[in-house]
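1. could you look at this predicted model? Sequence included:
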Protein chains: 2
Amino acid sequence: MQRGILYPSRKVFVQSSASVVGGHEMKGPLASCFDIHDDKDEFGADTWEKSESEMQRLALNCAISKLGIKDTDIGALFAGDLLNQCAGSNFGLLEFDIPYLGLYGACSTAAEGLVIATLVSGSGYMDRCACVSSSHNCAAERQFRYPIEYGGQRTPTSQWTVTGSGAFIIGKDDIICEGDNQSGAVEISDVMIGRTLDYGITDANNMGAAMAPAAADTLRRYFYESGREPESFGLIVTGDLGFEGSKILRELMKTEGYPIYANHVDCGLLIYNREEQDKHAGGSGCGCSAVTVASYIIDLLRCGKVQDALFVGTGALMSPTSTNQGGSIPGIGHLVHFISHKRDV
Amino acid sequence: MQRGILYPSRKVFVQSSASVVGGHEMKGPLASCFDIHDDKDEFGADTWEKSESEMQRLALNCAISKLGIKDTDIGALFAGDLLNQCAGSNFGLLEFDIPYLGLYGACSTAAEGLVIATLVSGSGYMDRCACVSSSHNCAAERQFRYPIEYGGQRTPTSQWTVTGSGAFIIGKDDIICEGDNQSGAVEISDVMIGRTLDYGITDANNMGAAMAPAAADTLRRYFYESGREPESFGLIVTGDLGFEGSKILRELMKTEGYPIYANHVDCGLLIYNREEQDKHAGGSGCGCSAVTVASYIIDLLRCGKVQDALFVGTGALMSPTSTNQGGSIPGIGHLVHFISHKRDV
């Protein structure tokens, strides 16, 4: 049975990607990489949930515009977010005339969308699909913890939900974005679906610890099956393990015989400045890896600074209700393997 | 662009299916079709949410047992439910060692899972995948409306969330279930992804009306592209439009020039006895179409009483928060085309 690395039947490329972020993200080190921002996190909407929807609309719209295509040129849309019933995606993407499949992978949704889009586009069902995901700090805080006005204290291991949305357009051709004929192409050569793992972590303020074993499981399976060593990859990018989770992952991988100290980065640690921004253990949320990969990581691959990257989108699959009922926090990690190609110009 | 009917590259079959239901469903006309039930809706768990998870575990376990396979014989698992953060699936399916992708399609989740499983299995990535979905009346009532102990009055157009979980195992071969060498095989010949449509319905107690236009859109596109007339299908099965939504769908389809009066059935109307059970406009929820299709509809196809069936799983993509903020209720409908084959015995 094919339970491991899945290779698309034909080549699949990231045709375009776009990122939309809020004010805190624009104060971080990746500010110059993002396409659209609103320092007030509002995006013209009168509730935080509607702001999140608007970010998704802007992100997909931007990715579509870069390619100079229409929404009807896209065969399917895979999207999800952290809001209950994935309302961010359901409402934000309403105006696009694209067949729609909703996803729930918690913070792994960007990777989950890329995995499914690669499988569907890579087997010839359609020439092009899109995936979008998002999170909004204020919408997430009041849904999962307390409204921000409450001013609740955060524990040192807690992470900061990123306000942002990332969109990707995935297709069979390497299409040159408007005004861009210099950069290279980014292929998705293979993907791996994660397994849900529960190591009994019950501290909802330490998501990194809950997700690290799942990321380790996916990476271990990937290195074993591919026969490649961790250091043979340009970058190993995890979604939002943050400071605690990254430390745990690196230790776990060392124990497994696949040390990743040399080339591991985590989107939750890349997006904020740990010294200057009061974000505790780092960024998190569906938007964290979505905007970091859609901007900084894809940029590195496109310009050839990184030859290939393994992206493991991590998710914590609990709910406030399950936590209140004493449940533990299962984690998951889906893997996407990006390869940089020099374009023939 | 391929935005319409999607045909798997190789044949795909429903290898097995299983259904788990509660007490109200066992008092309905389909009682004899279901595999497992608990009249108390508890399934040995101490909270309704855990009961829902346990139903999913039982359903997938039952579908696996029927085939006499192991969980590791399944390449991927697509699952979702109505609980916030899809906690029913996340926790219920933890014990299975199967790569996992979470879905959110509201009540369309059973159809969404079948669509993705068909695409992934039908293109050779893996020989077999599974999909599971569920809803639990008591868990859904307290999450979406009021705890049942509150005794709130229900409006005549409101529907009754089904307590149940349905599981399907989809694969490239037509495998004979243990102890069954008489019945036929059920193929999934093609699928169609729905588009999210918003007709401005804001009454959260009239989901049928919100979902009917989306079901009509998918059916209209399907009949147009396939060139087939509605009456050429054995059955046209919608997920959970109920009494109100079914009436609207039939009128819409007549206006479109594709009347479906002759062979349309709705899982929300099949599952309860409208005269004897106080279920108002019928059943609803992820579990409604999941258990009805996994049992009654698949049985009809397997024994050849129905030659083929179009199943349109319908979903209402709103959240309590969006409704409280004055939002309307977007609907969606994903289509799965089942074909009955006589088995060579």
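-> Here it is on my side, so go on.

2. what does A:L101 show for phi and psi?
-> Backbone torsions for A:L101, taken as degrees, to the nearest 10, come to phi -120, psi 120.

3. that one pairs with what?
-> With beta bridges defined as DSSP bridges, A:L101 has these partners: A:F78.

4. how many other residues sit next to it?
-> Summarising burial for A:L101: neighbours were counted as other CB atoms under 10 Å in any protein chain shown, giving 28. Every C-beta, even on glycine, is put in place using the N, C-alpha and C of the backbone.

5. quick check: it vs A:L93, distance?
-> Using CB to CB, to the nearest Å, we find A:L101 at a distance of 11 Å from A:L93.

6. could you do A:R302 as well?
-> To A:L93, A:R302 is 25 Å away according to CB to CB.

7. state the three-state secondary structure for the closest residue to A:E187 other than its chain neighbours.
-> Of all residues not flanking A:E187 in the chain, A:I339 sits nearest, at 4.6 Å (CB to CB, 6 or more residues apart in numbering or on different chains). For A:I339, the assignment made with DSSP: H, G, I helix; E, B strand; the rest coil gives strand.

8. mind listing what A:I339 touches?
-> When contacts are counted by CB atoms under 8 Å, 6 or more residues apart in numbering or on different chains, A:I339 is found next to A:186-189, A:301, A:307-308.

9. now with 6 Å, please.
-> Under the criterion of CB atoms under 6 Å, 6 or more residues apart in numbering or on different chains, the neighbours of A:I339 are A:187, A:189, A:308.

10. next: A:T321.
-> B:E49.

11. can we see that at 7 Å?
-> For A:T321, the residues meeting the contact criterion (CB atoms under 7 Å, 6 or more residues apart in numbering or on different chains) are B:49, B:84, B:87.

12. burial count for the last one?
-> Meaning B:A87. 27.

13. which element is it on?
-> In this structure, B:A87 is located in helix B:87-92 according to DSSP states H and E.

14. only alpha carbons, please: show that helix as CSV.
-> Output in CSV follows, covering the C-alpha atoms of helix B:87-92 (Å, rounded to 0.1, in the frame of the first residue of the first chain):
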residue,chain,number,x,y,z
ALA,B,87,-13.2,17.1,17.1
GLY,B,88,-15.5,14.1,16.4
SER,B,89,-13.2,12.9,13.7
ASN,B,90,-9.9,14.0,15.2
PHE,B,91,-10.5,12.0,18.4
GLY,B,92,-12.7,9.2,17.1
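
15. show me what that helix is packed up against.
-> Helices and strands touching helix B:87-92, as assessed by 3 or more CB pairs under 7 Å, 6 or more residues apart in numbering or on different chains; DSSP states H and E, comprise helix A:320-324, helix B:48-67, strand B:76-81.

16. run the chain-centre distance for it.
-> Put simply, helix B:87-92 sits 17 Å off its chain's centre (CA atoms, centre = their mean, to the nearest Å).

17. list the contacts of it.
-> With CB under 7 Å, 6+ apart as the contact definition, helix B:87-92 has outside contacts at A:196, A:317, A:319, A:321-322, A:327, A:330, B:49, B:52-54, B:56-57, B:79-81, B:102, B:132, B:134.

18. among those residues, which ones are buried?
-> Neighbour counting by 16 or more other CB atoms under 10 Å in any protein chain shown classes A:196, A:317, A:319, A:321-322, A:327, A:330, B:49, B:52-54, B:56-57, B:79-81, B:102, B:132, B:134 among the contacts of helix B:87-92 as buried.

19. can you pull the contacts of A:S17?
-> For A:S17, the contacting residues are A:63, A:166-168, A:294, A:298, taking CB under 7 Å, 6+ apart as the criterion.

20. same thing with A:P99?
-> Neighbour list for A:P99: A:75-77, B:3, B:193-195 [criterion: CB under 7 Å, 6+ apart].

21. how does it look with 8 Å?
-> With contacts defined as CB under 8 Å, 6+ apart, the neighbours of A:P99 are A:75-77, B:3, B:192-195.

22. who wins for neighbours among the residues you listed?
-> The most crowded member of these, judged by other CB under 10 Å, is B:I193 (30 neighbours).

23. count the neighbours of A:S9 for me.
-> Under the criterion other CB under 10 Å, the count of neighbours that A:S9 has is 13.

24. how close does it sit to B:V120?
-> Computed with CB to CB, the distance linking A:S9 and B:V120 is 12 Å.

25. and A:S133, by the same measure?
-> The gap separating A:S133 from B:V120 is 20 Å, by CB to CB.

26. neighbour count: those two, which is higher?
-> Just comparing A:S133 and B:V120: by other CB under 10 Å the higher neighbour count belongs to A:S133, 38 against 25.

27. from what I see, the more buried one and A:G166 are in contact.
-> Yes: when contacts are counted by CB atoms under 8 Å, A:S133 is listed as touching A:G166 (6.4 Å).

28. between these two, what contacts are shared?
-> Taking CB under 8 Å, 6+ apart as the contact rule, A:S133 and A:G166 both touch A:110, A:287, A:290.

29. of the contacts of A:I339, which is the most crowded?
-> Looking at the contacts of A:I339 with neighbours defined as other CB under 10 Å, the largest count falls to A:E187 at 20 neighbours.

30. does that residue count as helix, strand or coil?
-> When the structure is reduced to helix, strand and coil (three-state DSSP), A:E187 reads as strand.

31. domains of chain A?
-> A:9-171, A:189-342 (automatic domain parsing).

32. nearest to B:T161, of those?
-> Taking CB to CB, domain A:9-171 is the member of those nearest to B:T161, at 13.9 Å.

33. now for that closest one, what's the gap between its first and last residues?
-> With CA to CA, to the nearest Å as the measure, the first residue of domain A:9-171 is 13 Å from its last.

34. count the residues that sit near the residue nearest to A:S183 when sequence neighbours are not counted.
-> On the basis of CB to CB, 6+ apart, the spatially nearest residue to A:S183 that is not a chain neighbour turns out to be A:R302, at 4.4 Å. Residue crowding around A:R302 was assessed by other CB under 10 Å; the count is 22.

35. cool, and A:Y146?
-> A:Y146 sits with 11 neighbouring residues when counted by other CB under 10 Å.

36. grab the nearest non-local neighbour of it.
-> By the measure of CB to CB, 6+ apart, the closest residue to A:Y146 outside its immediate chain neighbours is A:G152, 4.5 Å from it.

37. against A:G23, how distant is the one you found?
-> With the distance defined as CB to CB, A:G152 ends up 20 Å from A:G23.
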